[in-house]
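>>> Sequence and predicted structure, then a few things I'm wondering about:
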Number of protein chains: 2
Amino acid sequence: MVIFAPMEKGVIYLDNAASTPMDETVVDSMVQCMRTIYGNPSSLHNHGRKARVLIEHARRSIAGCLGVSSAEIFFTSGGTEAGNAVLWGCCKDLGFKNFITSTTEHPAILGTLDALVRHMGARVHFVKVDSLGNIDFEHLDTLLLQYPRSVVSLMHANNETGKLLPVKHVAGICKRYDAVFLSDTVQTIGKFRLDLRQLGLDFAMASAHKFHGPKGVGFMFIKSGHLLQSFLSGGAQERNMRAGTENVCGIVGMARALDVAMQRLDEDCVYIRGLKDEFVRLLSDRIPQIVFNGDINAGSLHTIVNFSLPQWKDPDMLLPGLDIEGICVSAGSACSSGSHKGSHVLEAMGVDPSVSSLRVSFSRYNTIEEIHRFVEVLSNLTCRTSDI
Amino acid sequence: MVIFAPMEKGVIYLDNAASTPMDETVVDSMVQCMRTIYGNPSSLHNHGRKARVLIEHARRSIAGCLGVSSAEIFFTSGGTEAGNAVLWGCCKDLGFKNFITSTTEHPAILGTLDALVRHMGARVHFVKVDSLGNIDFEHLDTLLLQYPRSVVSLMHANNETGKLLPVKHVAGICKRYDAVFLSDTVQTIGKFRLDLRQLGLDFAMASAHKFHGPKGVGFMFIKSGHLLQSFLSGGAQERNMRAGTENVCGIVGMARALDVAMQRLDEDCVYIRGLKDEFVRLLSDRIPQIVFNGDINAGSLHTIVNFSLPQWKDPDMLLPGLDIEGICVSAGSACSSGSHKGSHVLEAMGVDPSVSSLRVSFSRYNTIEEIHRFVEVLSNLTCRTSDI
């Protein structure tokens, strides 16, 4: 494994659920684009057409990776905009007023629903979640029985715990009640071979920087037939679905990043799962008091581990302590990884908020040596604390 | 003048109001960023802080170029998002229900206002525009007398005709009526030395790709004291004003592009004004029937010329004819430059929609030889048409 990004000596980056280093070929494709493609894709002339062709190639490539039609992929500035656009569109254009979600969702979903409640008269219903982060399907059924024509928004993999949702099962439940289903797939696109159509999703979303692409670009999948209108007004771009000059080079980079991710998917999955397993094994061995949050086995994403350290009494000092040792990980918090504030996800799962928790997230650029070093540092830090 | 972007032999790019080639030092700064900075700026660790520092440097640099405080600059995915965010914010967060604008505004404004009418019960009042694109200030006064606490949205330079608005004068009128003033400054940021505070603006907006920066990034200026809430929900980024992981490298590139533009502003203004003057002189000389749209002199942006060719009877064939000759210009249409559909701006100014019109827009990468060649091609094309 070659670490591409010139990391500082001794720095170990284990916060890949927050953002990932860019793949070298992605950077190359974007540099080529930045140096040669400058027309506005809406322009009909030579330079405009060149930009347009690149965008449409990217769209076809991404659609091909996800088993959907090009016409179902719409480029955005990232996952957050995609989530906002889909939920606002469901409310203002499709007339949905009831939204079913869980308290463990990403703030891009929860914050948008809150805005819809305040400004559009939407109503939000929360499905129960257990201590492992499992959605209570019986409760979902009950809620859908009560509010049959709802939007169900449940994420594919939780960004803090990695807990996976059986999306196909949920899609089946939604179908029975004429509900539409948005799954926040930001953490899973590029991590699995996903066939969004076969999974039964109505809407999905992605951010390129979560799979070694650039920041500031993402996309939404909108199943054909759902006639949403543009969330951003002011231009006919993206077939009237997203106004604003397209981030051409970002789109090119994102398509390249997804293509690379899919090409090396099996190899990377095995490699990263190996890192995670070793990490969990070592950690359990060195710090017996450790408590893993969520489901760390098959029901969880291979890139994320979340755990609490009951003996660590000062949550505010854990991250800085690790940072001094050159280790980049995050606290439980989602939107502001590394932030000190308590995690709404762990709270929803019933984890004691006074206990220090960490999210560790891997990528193909991490090495087994980094895992060993991190466990050593962490166990030394916690031992020191126990002595106090 | 060195043409940086490797243009195809014989291709003349005169569509810089649609998008501009990237400055080479901008590309360099972004490549450096893409290769070394990959933390999420919200992360508190080493890699997150590095990204955060770059963003805040960029913010300070941009604020410094525009005479405002860093705390008044908020990064977005471009001018369109900025316009949407400001107008939605004025309506949903500041409680404004009346909006005064003109029919010559960019679709990012007109489309957003239309959405606010449909979904938020907003009312839009159009101020009169004359045949040169001048705003009727007496009418503005009358409208403000009737709807005193309004949002006035009038662009600094029209993106189709280059017509300039005396923003300071308009700001003075707005102030008298307790109205707030958004000016779409997408075409003028980087083209003038602007002091947004001294001009009296409440809100302004920019797109980096209009001043040799990257596509997919822009910013909004929100004068301190205007307590808008985030348009995109789901994260505390941009001091709770714009959720979503920041486009770090795009922001770095945009700040660099604006810095370069400001450093070479006087030189570029003289140079581009020279190109425009020569173009207008030559064109008037070679095609006497030509009609310039708007005010082509001091009241207009040095980068844009708009004109009609009354003798050209087939508007649908003019752009393709020029394209075949390797010349990239646009028809009057704003959001989709190069599109065949009629221009709402020219229509508002009373220009006959059956007549062919062109927008030609220059940048520092254009040369006097390109101007000569374009005029020659255009006069040959129109002569041939006159013969038919």
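Sure thing, it's come through. Quick caveat: nothing in here was measured; it's all calculated off a predicted structure. Numbers count the residues shown, from 1 in each chain, chains lettered A, B, ... in the order given.
>>> what ranges do the strands span in the stretch 201-350 of chain A?
A:203-207, A:218-222, A:291-292, A:304-309, A:327-328 (DSSP state E, counting those that start in this stretch).
>>> Near chain B, which residues of the stretch 51-200 of chain A? Just list them.
Neighbours of chain B within the stretch 51-200 of chain A, by CB under 8 Å from any CB of the partner chain: A:77-81, A:83-84, A:92, A:106-112, A:114-115, A:119-120. C-betas here are computed from N, CA, C, even on glycine.
>>> Could you report the neighbour count for the closest residue to residue A:66 other than its chain neighbours?
Residue nearest to residue A:66 in three dimensions, not counting chain neighbours: residue A:196, with 4.9 Å by CB to CB, 6 or more residues apart in numbering or on different chains. Number of residues near residue A:196 (other CB atoms under 10 Å in any protein chain shown) recorded here: 23.
>>> try residue A:111
Residue A:111 is flanked by 23 other residues according to other CB under 10 Å.
>>> is it true that it touches residue B:243?
Yes - with contact defined as CB atoms under 8 Å, residue A:111 counts as touching residue B:243 (6.5 Å).
>>> Sort out which residues of the helix or strand hosting residue A:357 are buried, please.
Using DSSP states H and E, residue A:357 sits within strand A:356-361. Neighbour-count burial for strand A:356-361 flags A:356, A:357, A:358, A:359, A:360, A:361 (criterion: 16 or more other CB atoms under 10 Å in any protein chain shown).
>>> what's the answer for stretch A:307-319, then?
Quick answer for stretch A:307-319 (16+ other CB under 10 Å): A:307, A:308, A:309, A:312, A:315, A:318, A:319.
>>> near chain B, from these?
Applying CB under 8 Å from any CB to the buried residues of stretch A:307-319, those adjacent to chain B are residue A:319.
>>> pLDDT added to the buried residues of stretch A:307-319, as a markdown table?
Shown next, in a markdown table, are those (pLDDT from 0 to 100):
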| residue | pLDDT |
| --- | --- |
| A:307 | 95 |
| A:308 | 93 |
| A:309 | 90 |
| A:312 | 77 |
| A:315 | 69 |
| A:318 | 87 |
| A:319 | 88 |
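>>> just the buried residues of stretch A:307-319 now: which is nearest chain B?
residue A:319 (6.1 Å; CB to the nearest CB).
>>> Quick check: pLDDT value at residue A:2.
Each residue has a pLDDT score; the one for residue A:2 is 39.
>>> Output the below-cut-off pLDDT ranges for the stretch 151-300 of chain A.
Counting by pLDDT under 70, the stretch 151-300 of chain A contains no low-confidence range.
>>> Kindly recompute the last result at 80.
A:297-298 (pLDDT under 80).
>>> residues contacting residue A:128?
Residue A:128 makes contact with A:102, A:135, A:136, A:139 under the criterion CB atoms under 8 Å, 6 or more residues apart in numbering or on different chains.
>>> tell me the contacts of the third one?
Residue A:136 sits next to A:127, A:128, A:129, A:130 when contact means CB under 8 Å, 6+ apart.
>>> Pull out the buried members of the residues of the stretch 51-200 of chain A next to chain B.
Judged by 16+ other CB under 10 Å, buried ones among these: A:77-81, A:83-84, A:92, A:106-112, A:115, A:119-120.
>>> Make sure residue A:250 is actually in contact with residue A:218.
No - counting by CB under 8 Å, residue A:250 stays clear of residue A:218, with 9.1 Å between them.
>>> Could you list the buried residues of the host helix or strand of residue A:175?
Residue A:175 is part of helix A:167-176 when elements are defined by DSSP H and E. Across helix A:167-176, burial judged by 16+ other CB under 10 Å covers A:167, A:170, A:171, A:173, A:174.
>>> could you dump these to CSV with distance to residue B:150?
Output for the buried residues of helix A:167-176, formatted as CSV (distance: CB to CB, whole Å):
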residue, distance to residue B:150
A:167, 47
A:170, 46
A:171, 47
A:173, 48
A:174, 44
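>>> Looking at those, which is nearest residue B:271?
residue A:167 (57.2 Å; CB to CB).
>>> wait, what's in contact with that closest one?
Residue A:167 touches A:154, A:156, A:181, A:183, A:199, A:200, A:201, counting by CB under 8 Å, 6+ apart.
>>> hang on, isn't the second one packed against residue A:165?
This points to residue A:156. Yes - between residue A:156 and residue A:165 a contact is recorded at 5.7 Å, counting by CB under 8 Å.
>>> What sits closest to residue A:209 if chain neighbours are left out?
In space, residue A:209 is closest to residue A:215, 4.2 Å off (CB to CB, 6+ apart).
>>> ok, now which ones touch that neighbour?
Residue A:215 neighbours (CB under 8 Å, 6+ apart): A:19, A:78, A:207, A:208, A:209, B:245, B:246, B:247, B:248, B:249, B:250.
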